[in-house]
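K.L.:
whatever this is, show me its structure:
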Amino acid sequence: MAKQGTLLVVDDNRNILTSLQYLLEEYFQQVITLNSPVTIPSLLQREAIDVVLLDMNFSSGINSGNEGLYWLREIKRLRPQIQVVLFTAYADINLAVTGLKDGATDFIVKPWDNAKLVQTLQEAYAKAHGNEKKGKQASQPTEKSSMYWGNSSVIRPLRLLVEKVSTTDANILITGENGTGKDMLAREIHRLSPRRNGPMVAVDMGAITESLFESELFGHVKGSFTDAHT
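P.N.:
Purely as a prediction, here's the structure:
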């Protein structure tokens, strides 16, 4: 596959920058690295950047992720067409989801899987040029959706968020009162996910007694409790 596009990687860890430079220059025509985000605005004026891989923390001792969110918003303000993929530690996943709401294309969790990283960045590049197959499949599903979404100003951002997070490996918590459609929303996320061809198992936690919790979720041997046959 021919190299194409310009990728900007912003991370304060020089070892990470070196590793990613070697990995990603095999897939992108140009890979630019920065160990500080402060020069991003001037760089965007000089270079035609297609995709940015952006770390979420830069200052020593500060792990709030707010720096990454700030620079995400700056990039989208200066060059809205640029696709930004957030580079985050496990503890920052909630912030990464906030980043999706603010315009990020996706996020990669550290430590990363090389194949997943390359695939995510290539899909972001394709989206930058209007060719993202996954996005077309999400907007024009081949199978009938179980969700009737509507088109209100409240539901549109929710639908966009569902389509984004469903393609990631993030753990997702859905909250709401009884009858608001949490189970239906979970099934829609599963339908859009890479696991769509596998089973989705719904467990009613309120119906499991404390003494049988582990046996119900992880299995048991014959005779563990009454009616434990296999």
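K.L.:
could you list the buried residues of the longest strand belonging to the chain?
P.N.:
Using DSSP state E, we find that the single longest strand of the chain is strand 83-89. By neighbour count on 16 or more other Cβ atoms under 10 Å, the buried set for strand 83-89 is 83-89. Using the backbone N, CA and C atoms, a C-beta is placed for each residue, glycine as well.
K.L.:
now swap in stretch 12-21 and tell me
P.N.:
Quick answer for stretch 12-21 (16+ other Cβ under 10 Å): 12, 16-17, 20.
K.L.:
using the three-state scheme, assign the closest residue to residue 224 other than its chain neighbours.
P.N.:
Closest residue to residue 224 apart from its sequence neighbours, by Cβ to Cβ, 6 or more residues apart in numbering: residue 215 at 6.0 Å. Assigned by DSSP: H, G, I helix; E, B strand; the rest coil, the conformation of residue 215 is helix.
K.L.:
ok and the helix or strand that contains residue 115 relative to strand 83-89, angle-wise?
P.N.:
Using DSSP states H and E, residue 115 sits in helix 114-128. Counting by axes from the mean of the first three to the mean of the last three Cα atoms, to 10 degrees, helix 114-128 lies at 150 degrees to strand 83-89.
K.L.:
care to break the protein down by domain?
P.N.:
6-131, 140-192, 202-230 (automatic domain parsing).
K.L.:
pull out the buried positions in the helix holding residue 115.
P.N.:
For helix 114-128, by 16+ other Cβ under 10 Å, it's 117-118, 120-128.
K.L.:
immediately after the helix or strand of the chain with the lowest mean pLDDT, which helix or strand?
P.N.:
Using mean pLDDT, DSSP states H and E, helix 133-139 stands out as the lowest-scoring helix or strand of the chain, at a mean of 43. The element immediately downstream of helix 133-139 (helix or strand, assigned by DSSP H and E) is helix 155-165.
K.L.:
for that next one, packing partners?
P.N.:
On a contact count with 3 or more Cβ pairs under 8 Å, 6 or more residues apart in numbering; DSSP states H and E, helix 155-165 meets helix 93-101, helix 133-139, helix 182-192.
K.L.:
among the ones you listed, which is nearest residue 111?
P.N.:
Closest approach to residue 111 among the helices and strands packed on helix 155-165 (Cβ to Cβ): helix 93-101, 14.0 Å.
K.L.:
next structured bit after the closest one?
P.N.:
Downstream of helix 93-101, the next assigned helix or strand under DSSP H and E is strand 106-110.
K.L.:
isn't residue 75 right up against residue 51?
P.N.:
No - with contact defined as Cβ atoms under 8 Å, residue 75 does not reach residue 51; the gap is 10.6 Å.
K.L.:
dihedrals phi and psi, residue 227?
P.N.:
phi 70, psi 10 (degrees, to the nearest 10).
K.L.:
go on, residue 5?
P.N.:
phi 90, psi 160.
K.L.:
ranking the domains of the chain by burial, who's on top?
P.N.:
domain 6-131 (a mean of 17; mean count of other Cβ atoms under 10 Å).
K.L.:
quick one: mean pLDDT over it.
P.N.:
In this model, domain 6-131 has a mean pLDDT of 88.
K.L.:
and if you look at stretch 168-176?
P.N.:
In this model, stretch 168-176 carries a mean pLDDT of 86.
K.L.:
contacts for it?
P.N.:
Defining contact as Cβ atoms under 8 Å, 6 or more residues apart in numbering, one finds that stretch 168-176 is touched by 93, 96-97, 106-107, 109, 165, 182, 185-186, 189.
K.L.:
let me have the residues you listed in JSON lines, adding distance to residue 30 as columns.
P.N.:
Formatted as JSON lines, the contacts of stretch 168-176 follow (distance: Cβ to Cβ, whole Å):
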{"residue": "93", "distance to residue 30": "30"}
{"residue": "96", "distance to residue 30": "26"}
{"residue": "97", "distance to residue 30": "30"}
{"residue": "106", "distance to residue 30": "21"}
{"residue": "107", "distance to residue 30": "23"}
{"residue": "109", "distance to residue 30": "25"}
{"residue": "165", "distance to residue 30": "30"}
{"residue": "182", "distance to residue 30": "45"}
{"residue": "185", "distance to residue 30": "40"}
{"residue": "186", "distance to residue 30": "41"}
{"residue": "189", "distance to residue 30": "35"}
